[in-house]
Every structure is written in structure tokens, then in C-alpha cells.
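S.K.: model the following, please.
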Amino acid sequence: MPTRWPEPDMRQIAYPFDIETCPSPAYVVDDALLRRNLELLRQTQVESGARILLALKGFAMWDTFPLVRQYLVGTTASGQDEARLGAETFGGEVHCYSPAFSEAEMAVVLQYADHLSFNSPAQWQRFRERVAQAPRRVSCGLRVNPEYSEGKVALYDPCAPGSRLGTRAVDLDGVDLAGLEGLHFHTLCEQNSDALEHTLAAFEERFGRHLAGRRWVNFGGGHHITREDYDVERLVRVIRDFKARHPHLEVYLEPGEAIALNTGYLVCSVLDIVENDGPIAILDTSATAHMPDVLEMPYRPEIIGAGEPGEKAHTYRLGGLTCLAGDVVGEYSFDAPLAIGDRLVFTDMAHYTMVKTTTFNGMRLPSICRIDEASREVRTVKHFGYEDYRERLS
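M.R.: Residues are numbered from 1 along each chain as shown. Now for the predicted structure:
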């Protein structure tokens, strides 16, 4: 079975890099932690026989791709630009899915995608001749809706009633699937392998009759494989059993979060401290602009050296720089009072951060940095300035 590593308690350890050598704010990805995840994912591929793709919607820091592509077979994209990025900076297989493609986007996607999943039979029928005439071979599939999900957050449940994502089994009655080589489902969000096992049972019950003559099945993303409590042994068994039942099918997984889980940080600084029913520290970052899942999920990220409210001697509410009244990360306690200029380090800030940032209020995006595996030195990969904001708007 793949080797597991315990997750460190980030509230109790010293800073794992020199926080004064990087800009503020900045996303900082640790190459050593990234490689640790990738080693586990490679072992999972070997043990299960599945092929694992990097979902660019979760992590697209292409400066790291020379490292990542040593372990994974390719990328999966949500449209033309991600498909091009995967082809040009990662290589390997390029998979692409979108709820709907336009004519113009399809012309671009067909230049880069090796696998293409359509959301509906109508989209497949609209573009099947276009695909057949493409200068390169593209294997096409259909995203289906197993109508089963164990997700806890409705915003992230693609199988909720009325979902636009994927085709239900009842909507395939009488539909000609000739030419489609694969089926694709995606129902998970930060879940363990038991949820996949239950979902797979629903998928086979509803779509098993469509598996004959297919070449591949994509199990989608949301597999939290690199989380400490994830049952990798069960995942391997589930995939092996599926492949034993359907030996003609290649199995793909496309996690985005598991690749970069617990590999990065967001370094920021305290700009001011105000008082309103308790002290409020204003940071040079933003929940809504720089870590939007804090508000969307919602969740409370950890800070190195900080505790729960009241756990340590000094408790602060941490707020961002935008005009949004709810641009608040949460309440944290510290051993010593915070002072203007102090740096704070949020953990697990590599996935679904850089890819979702905005320049709302004209806020500059955080710089992007990497920590060298051997020297532990911090290198700034990208710095954002006025031109990056200006060029988005006219």
C-alpha cells in the first residue's frame, strides 16, 4: 500500500521557511511537501492501475509542472484556456470537460485535447462531425449524473435536484451513443474513498448497460487522497474491483485538491488594529479576493502559531482590505499581542486560491513563491502590479 505521512500540527511548529524573505502578501508553495503528495499519488496509480490527472481548476501553478509531470499522466481542463495551458506547459494527456462548448471554443479545444467529455447528448451530436474532421484524434465521452451524492455543501453538489451537470440515465433512453468512447462522472468534494465506493455502485446500477463498447471511465475529482485519514487501501480495492468487472475500461481520476493539499501558505502582514467589540487586525490580504473558499465553503483556515478564540491570551478578529463588510477570515488567538508589521502565515493555501483570486477593489494579487526542496530558500515566481489590474478591464 502507498506510504502515508502524518500531517504536521501547524499551530505548534516553527515557521518552515524564512517568512521575511518573501513578499507580502504571497502564496508560497513548498516543493518538498508537493513532492510528498506526488509520491503518494504515483504509488496509488501503481497499486490501483488508475491514471491520475491534475485538475487545473484546483491547481495551475505551471512553474511547478516540471516536477508534477514526473508523477502524473496529464491534466484535465474546464475549457479552452486550461486545455491550452495543460498542453503547452505540462504535456502528457489533456482531458477537457465543460457544461457547454461554443463553436469558437471547440475550434480551440480540438487543437489541444486528447479526451473530450460532453455534458449532454445534444452537445455531442452538435460537435461529433467537427471532432471527426479534426486534424488529430480525440477520444470523446459523456458526463453522466449518477443522482447520488454524499456532499455536505449544496453549492458543491453536482447531483442536487435540478443540476445542470451531467446527463441522467433516464435522459439516455433511445439516445444513440455510437462514437462515444467514455463515460465521466463527478460527484465528490473533499471526500474519502467510501463515498466513491457508494457513488460507483449508483453509477453502475444506472449506467452499467452503457459500459459495453466503451474504452474509459473518468471517476472525476474530489478524492482527498493525500489527506492523512484518507483510506487509500479502500480506493485501490474499489478501482481494482471495478477493473476486474470491466477489464476493457481504463480508469481515470482527476483530483485537483489532492495534488496540492497542505503544500502551500499565504503570508500576509498586519496593517492596522482597530477596536469594535474586541480588537480587529486589518491584513494586507482578503478573504473574498485571495482565499474565497473561506467565505464560499465556508471554513476557517489555520494560522501557524495561532489558536481558537480564547485559547491563547490575545484574541483578534482578522479582516481583509476590501470594502465588503463580510471580508473577515475569522477569530484567532495568539500568545502575544499583534503589532503593526507582524506577519501571519495561513496554511493549506495552494489549491483553489491562485486559480480563484480577483482584483476586486483594485487589490493586487498576492505574489507567487516556491520553497526549494534542498536549500529551503524562497524564490518569487511571479509578482503582480498595476498593469495586471489595468489590462483586465479595457
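
S.K.: for the rest of this, base every contact and every neighbour count on C-alpha atoms.
M.R.: Fine.

S.K.: adjacent strands (with direction) for the longest strand out of those in the chain?
M.R.: The strand that spans the most residues within the chain, counting by DSSP state E, is strand 264-275. Applying DSSP bridges, strand 264-275 is found paired with strand 26-30 (antiparallel), strand 279-283 (antiparallel), strand 343-347 (antiparallel).

S.K.: chain center to the second one: distance?
M.R.: Chain-centre distance of strand 279-283: 29 Å, with CA atoms, centre = their mean, to the nearest Å.

S.K.: on that earlier part again, which one of the strands paired with strand 264-275 lies closest to Glu254?
M.R.: strand 26-30 (20.5 Å; CA to CA).

S.K.: got a list of contacts for the helix or strand following that closest one?
M.R.: Downstream of strand 26-30, the first helix or strand assigned by DSSP states H and E is helix 31-48. The contact list for helix 31-48 (CA atoms under 8 Å, 6 or more residues apart in numbering) reads 1-4, 50-52, 67-68, 71-72, 225-226, 232, 235-237, 239-240, 258-263, 370-373.

S.K.: show me how to select, in PyMOL, the buried members of those residues.
M.R.: The PyMOL selection below is limited to those of the contacts of helix 31-48 classed as buried (16 or more other CA atoms under 10 Å):
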select buried, resi 2+4+50+51+52+68+71+72+225+226+232+235+236+239+240+258+259+260+261+262+263+370+371
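
S.K.: now intersect the contacts of helix 31-48 with the helices, please.
M.R.: 67-68, 232, 235-237, 239-240, 258-260 (DSSP state H).

S.K.: so where do the helices sit in the stretch 51-200 of the chain?
M.R.: All helices of the stretch 51-200 of the chain, identified by DSSP state H, counting those that start in this stretch, fall at 65-68, 80-89, 103-112, 121-132, 193-207.

S.K.: and among those, the most buried is which?
M.R.: With neighbours taken as mean count of other CA atoms under 10 Å, these reach their highest mean count in helix 80-89, at a mean of 20.

S.K.: let's test this: mean pLDDT of it, rounded?
M.R.: The pLDDT scores in helix 80-89 average 98.

S.K.: before we move on, what about stretch 42-55?
M.R.: pLDDT averaged over stretch 42-55 gives 98.

S.K.: figure out how far it is from the centre of its chain.
M.R.: Using CA atoms, centre = their mean, the offset of stretch 42-55 from its chain centre is 16 Å.

S.K.: could you number the chain from 37 rather than 1 from now on?
M.R.: With 37 as the first residue, the last one maps to stretch 78-91.

S.K.: could you tell me the end-to-end distance of that stretch?
M.R.: End-to-end distance for stretch 78-91: 15 Å, by CA to CA, to the nearest Å.

S.K.: kindly report the same for stretch 183-192.
M.R.: By CA to CA, the extent of stretch 183-192 from end to end equals 14 Å.

S.K.: go through it and flag the buried ones.
M.R.: Using 16+ other CA under 10 Å as the burial criterion, the residues of stretch 183-192 that qualify are 183-187.
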